[in-house]
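Undergrad: With the sequence up front, the predicted model follows.
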Amino acid sequence: MWMKTPSLVEKIQKLKREKRAVILAHNYQRPEVQDIADFVGDSLELSLCAAQTDAKVIVFCGVKFMAETAAILNPDKLVLLPDKNAWCPMAAMLPAEVVRFYRDRYPKARMVLYINSLAEAKAYCDAVCTSANSAEIINRMDSDTVLFGPDSNLAKYAQNFTEKRVIPIPSCGFCPVHKLFNTEAISRLKRAQPDAEVMAHPECEPEVWRIADFVGSTSKMCREALVSDAEKFIVATEVGLLYRMKKERKDASFIPAYDDAICSAMKLHTLEKVYLSLKHERYPVKLSPKIMALARKPVEFMLKTKETTA
């Protein structure tokens with residue numbers, strides 16, 4: 001008698017039930033990975049999900065710093081990264097030794113690190129933030145000077161909303177994907193679609209977000225698309241977000257500001273890798289107890305902010 005072979009999605013769902021697992025996927029993930037996930041969002045949304053889940057296993061489809069944050073908030077859970085090579089190049093620009101260098105150089109300043117930083121760096125900062133709440137976190141620091149890293153463009157953007165002096169560390173930290181956008185290309189798209197609303201991520205260059213109609217994190221972009229009167233949007237961030245936006249607002253058109261704005265690290269995760277990670281519990285996130293304890297405090301500081309969605 002012919003028997004239907006279970007699909008990969010069905011196998012993943014079965015393993016999820018057996019292992020009491022939850023799958024978290026960043027907005028930049030492949031469409032099929034977003035579809036299999038229990039929660040899709042950006043850094044803060046997924047951090048909140050990680051903090052609140054009662055699952056025994058967390059499969060984090062994102063880059064390593066995100067999975068590390070989940071592990072920090074869930075020391076009693078198994079956190080898996082489906083592809084061990086999913087590293088964020090921007091996070092790698094601020095290793096722990098550079099963080100310590102700046103702390104010694106500015107002993108009276110407070111330090112806020114973007115969640116896009118490694119656990120070893122978070123362990124030596126005062127607070128963690130996301131692109132959604134960077135200015136709020138900076139304003140909560142009890143010093144007139146705040147060191148901010150690793151994204152220098154986000155530091156410049158946050159400077160617009162605080163009277164404190166914000167010093168980027170390092171001075172030229174950046175996201176390679178958001179470096180790809182330029183005003184000339186966006187202006188051409190805008191001329192072709194004059195009724196489109198231009199959205200930009202604050203990791204873009206300042207000249208890009210200065211010509212945008214809306215600047216915000218990926219989830220803030222999604223919310224803006226739901227409440228805006230516009231029916232067309234030019235979106236300056238990684239192209240994976242457009243899949244979620246199209247699902248949530250089917251009557252609108254979403255145009256990538258650059259077709260090849262692709263984060264190769266985010267795209268490393270596939271359904272097969274999610275399945276193998278669950279089946280063999282491979283690529284667990286492992287941090288030393290010292291780093292876990294030190295990094296937990298600044299992450300928890302972030303989670304106490306008024307802004308609870310990214």
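TA: Yes, it's here.

Undergrad: residues in contact with R20?
TA: Residues in contact with R20 (C-beta atoms under 8 Å, 6 or more residues apart in numbering) are 55-57. Where C-beta positions appear, they are placed from N, C-alpha and C, glycine not excepted.

Undergrad: TSV please, covering these and showing secondary structure and pLDDT.
TA: As requested, these are arranged in TSV below (DSSP: H, G, I helix; E, B strand; the rest coil; pLDDT from 0 to 100):
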residue	secondary structure	pLDDT
A55	coil	92
K56	coil	95
V57	strand	96
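
Undergrad: Filter the residues you listed down to just the buried residues.
TA: Burial by neighbour count, judged by 16 or more other C-beta atoms under 10 Å, picks out 55, 57 from the contacts of R20.

Undergrad: Going by distance to H201, which of the contacts of R20 wins?
TA: A55 (29.5 Å; C-beta to C-beta).

Undergrad: Run through the bridge partners of the nearest residue to that closest one once chain neighbours are set aside.
TA: Closest residue to A55 apart from its sequence neighbours, by C-beta to C-beta, 6 or more residues apart in numbering: V22 at 3.9 Å. According to DSSP bridges, I58 are recorded as the beta-bridge partners of V22.

Undergrad: what about V22, distance to H269?
TA: Applying C-beta to C-beta, to the nearest Å, one obtains 15 Å for the distance of V22 from H269.

Undergrad: Those two - which one has more neighbours?
TA: H269 (25 against 21; other C-beta atoms under 10 Å).

Undergrad: how's the chain carved up into domains?
TA: The chain resolves into domains spanning 8-88+267-288, 91-175, 178-262 when parsed by automatic domain parsing.

Undergrad: Mind checking the pLDDT average for stretch 148-168?
TA: Looking at stretch 148-168 alone, the average pLDDT works out to 97.

Undergrad: In terms of secondary structure, what does the longest helix along the chain contact?
TA: Secondary structure assigned by DSSP state H gives helix 289-303 as the longest helix of the chain. With contacts defined as 3 or more C-beta pairs under 8 Å, 6 or more residues apart in numbering; DSSP states H and E, the packing partners of helix 289-303 are helix 43-52, helix 64-73, helix 119-122, strand 127-129.

Undergrad: If we use 6 Å, what do you get?
TA: helix 64-73, helix 119-122, strand 127-129 (3 or more C-beta pairs under 6 Å, 6 or more residues apart in numbering; DSSP states H and E).

Undergrad: Just the buried positions in the host helix or strand of F254, please.
TA: Counting by DSSP states H and E, the element that carries F254 is strand 253-256. Residues 254-256 are the ones in strand 253-256 that count as buried (16+ other C-beta under 10 Å).

Undergrad: With respect to N116, which of those is nearest?
TA: Ranking the buried residues of strand 253-256 by separation from N116, with C-beta to C-beta as the measure, puts P256 on top at 21.2 Å.

Undergrad: so the closest one makes contact with E238?
TA: No: using C-beta atoms under 6 Å, P256 and E238 do not qualify as a contacting pair, with a distance of 9.1 Å.

Undergrad: Rebuild the domains of the chain as TSV, extending it with distance to L303.
TA: What follows is these, written out as TSV (distance: least, C-beta to C-beta, whole Å):
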stretch	distance to L303
domain 8-88+267-288	6
domain 91-175	9
domain 178-262	15
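
Undergrad: so which of those domains gets nearest A295?
TA: Proximity to A295 (C-beta to C-beta) singles out domain 91-175 among these, at 4.1 Å.

Undergrad: on that earlier part again, can you check what pLDDT the model gives the residue nearest to A55?
TA: In this prediction, V22 carries a pLDDT score of 95.

Undergrad: same deal with the one 5 residues further on?
TA: Turning to N27, the model gives it a pLDDT of 96.

Undergrad: one step back: could you dump the helices and strands packed on helix 289-303 into JSON lines with mean pLDDT and distance to I291 added?
TA: Written out in JSON lines, the entries for those read as follows (pLDDT from 0 to 100; distance: least, C-beta to C-beta, whole Å):
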{"stretch": "helix 64-73", "mean pLDDT": "94", "distance to I291": "8"}
{"stretch": "helix 119-122", "mean pLDDT": "96", "distance to I291": "5"}
{"stretch": "strand 127-129", "mean pLDDT": "96", "distance to I291": "14"}
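
Undergrad: Among the ones you listed, which comes closest to V166?
TA: Between V166 and those, the tightest spacing by C-beta to C-beta is seen for strand 127-129, at 11.5 Å.
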